[in-house]
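Student: give me a 3D structure for the following:
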Amino acid sequence: MLNLTLEGVEVFMRRYNTSNQESYWDNYDLVIWKKDKNGFTSIKGLFRKDNWGVSEKISVDQNGMWRLPKKYVRHFK
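Tutor: Numbers count the residues shown, from 1 in each chain. This is a model prediction of the structure:
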């Protein structure tokens, strides 16, 4: 896990966004969305910008940190 402050999340959001994937805020939750046609049948499926995709929601903890899974660490290099 990668622990991020608000500034770290903002850096991640700028580096992560492409035409097939996107990150955005939902209140204080970080939502990571990736285009995937199987999102139509997935529990985590979400229709966004005329495409189906799969989303992952990361909530802030009581210390003001977002715990980002390791699979997203490559966006910081």
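
Student: where do the strands sit along the chain?
Tutor: Counting by DSSP state E, the chain has strands at residues 2-4, 21-26, 29-35, 45-48, 51-58, 66-68.

Student: so what strands line up beside the fourth one?
Tutor: Strand 45-48 has the following sheet partners, assigned by DSSP bridges: strand 51-58 (antiparallel).

Student: any idea of the angle the partner strand forms with strand 29-35?
Tutor: On the basis of axes from the mean of the first three to the mean of the last three Cα atoms, to 10 degrees, strand 51-58 is oriented at 150 degrees to strand 29-35.

Student: got the angle for strand 51-58 vs strand 21-26?
Tutor: 50 degrees.

Student: contacting residues around strand 51-58?
Tutor: Residues outside strand 51-58 that contact it (Cβ atoms under 8 Å, 6 or more residues apart in numbering) are 26, 29-40, 42, 44-48, 66-69. Any C-beta I mention is one placed from the backbone N, CA and C, and that applies to glycine too.

Student: can you do 10 Å?
Tutor: By Cβ atoms under 10 Å, 6 or more residues apart in numbering, the residues outside strand 51-58 that reach it are 4, 9, 19-24, 26, 29-48, 66-69, 71-72.

Student: residue contacts, the residue sitting nearest the centre point of the chain?
Tutor: Most central in the chain under Cα atoms, centre = their mean is residue 32, positioned 1.8 Å from the mean C-alpha point. The contact partners of residue 32, by Cβ under 10 Å, 6+ apart, come to 12-13, 16, 21-24, 53-58, 68-69, 71-72.

Student: same question, residue 35
Tutor: The contact partners of residue 35, taken as Cβ under 10 Å, 6+ apart, are 18, 19, 20, 21, 22, 48, 49, 51, 52, 53, 54.

Student: count of residues packed around the second one?
Tutor: The reference is to residue 19. As a burial measure, residue 19 scores 8 neighbours (other Cβ atoms under 10 Å).

Student: the chain should start at 20 in everything you say after this.
Tutor: That works, and once the first residue is 20, the last one we named lands at residue 38.

Student: just the pLDDT for it.
Tutor: Note on residue 38: pLDDT of 88.

Student: quick check: the gap between it and residue 72.
Tutor: Remark: distance between residue 38 and residue 72 (Cβ to Cβ, to the nearest Å) = 12 Å.

Student: kind regards, and thank you for your time.
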